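In: Here is a sequence with its predicted model. Questions after.
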Amino acid sequence: MRTLAWVGDALFEQRVRAAVALRGDFPVDRLDAIKAAVVRAERQAGLLEAMLAELDDDETALVRRARNTTPPSSARGRRGMQEYRAASALEALVAWWSTSAVGVARLDAVLMPRVEVAIDEAVAAFGKRLRRG
């Protein structure tokens with residue numbers, strides 16, 4: 001599960017970066033702030049929680065297994081540990097979805113609309129001055 005989460009982490013960040021890039025031409029520091037607001041563990045945990053009811057039995061089982069993977073000792077406190085585990089579960093699900101056309105369709109239907117909302121919120125918070133050019 002850790003390997004699946006590791007791959008999912010990269011795939012999730014790639015999708016977020018591509019979606020942020022479509023929002024406009026921002027200075028790199030703002031792009032990084034917008035991206036970080038969406039890919040941080042707390043936000044990923046919230047995204048997973050929001051979509052749990054839409055997952056099928058296989059997806060739910062994968063999330064449960066990935067959530068139970070032992071995190072590194074660097075996760076801070078109980079809340080930090082729960083968020084880290086949920087974020088790892090989301091990342092594992094992203095990697096699993098990315099292995100088939102049906103899975104990519106699920107990723108686009110279940111997760112990406114929520115990611116778009118998260119990006120909109122981050123742009124509102126960090127993207128105040130759009131660079132024209």
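Out: Okay, I see it. All of these numbers come straight from a predicted model, not from anything done at the bench.

In: the bottom helix or strand of the protein by mean pLDDT?
Out: Sorting the helices and strands of the chain by mean pLDDT, DSSP states H and E puts helix 77-97 at the bottom, at a mean of 90.

In: Quick one: list the elements packing against the next helix or strand after that helix.
Out: Sequence-wise, the next helix or strand downstream of helix 77-97 (DSSP states H and E) is helix 101-106. In terms of contacts (3 or more CB pairs under 8 Å, 6 or more residues apart in numbering; DSSP states H and E), helix 101-106 is packed against helix 77-97. Any C-beta I mention is one placed from the backbone N, CA and C, and that applies to glycine too.

In: Show me which positions of the helix it packs on end up buried.
Out: Neighbour-count burial for helix 77-97 flags 83-97 (criterion: 16 or more other CB atoms under 10 Å).

In: Which single one of the residues you listed is nearest to Asp108?
Out: Trp97 (9.0 Å; CB to CB).

In: burial of the residue lying closest to the closest one once chain neighbours are set aside, as a residue count?
Out: Nearest residue to Trp97 in three dimensions, chain neighbours excluded: Gly103, at 3.6 Å (CB to CB, 6 or more residues apart in numbering). Under the neighbour criterion other CB atoms under 10 Å, Gly103 is assigned a count of 16.

In: roughly how far apart are Gly103 and Phe26?
Out: 31 Å (CB to CB, to the nearest Å).

In: Just give me the closest of the buried residues of helix 77-97 to Asp9.
Out: Glu91 (4.6 Å).

In: Make sure the closest one is actually in contact with Ala5.
Out: Yes: at 4.3 Å, Glu91 counts as touching Ala5 under the criterion of CB atoms under 8 Å.
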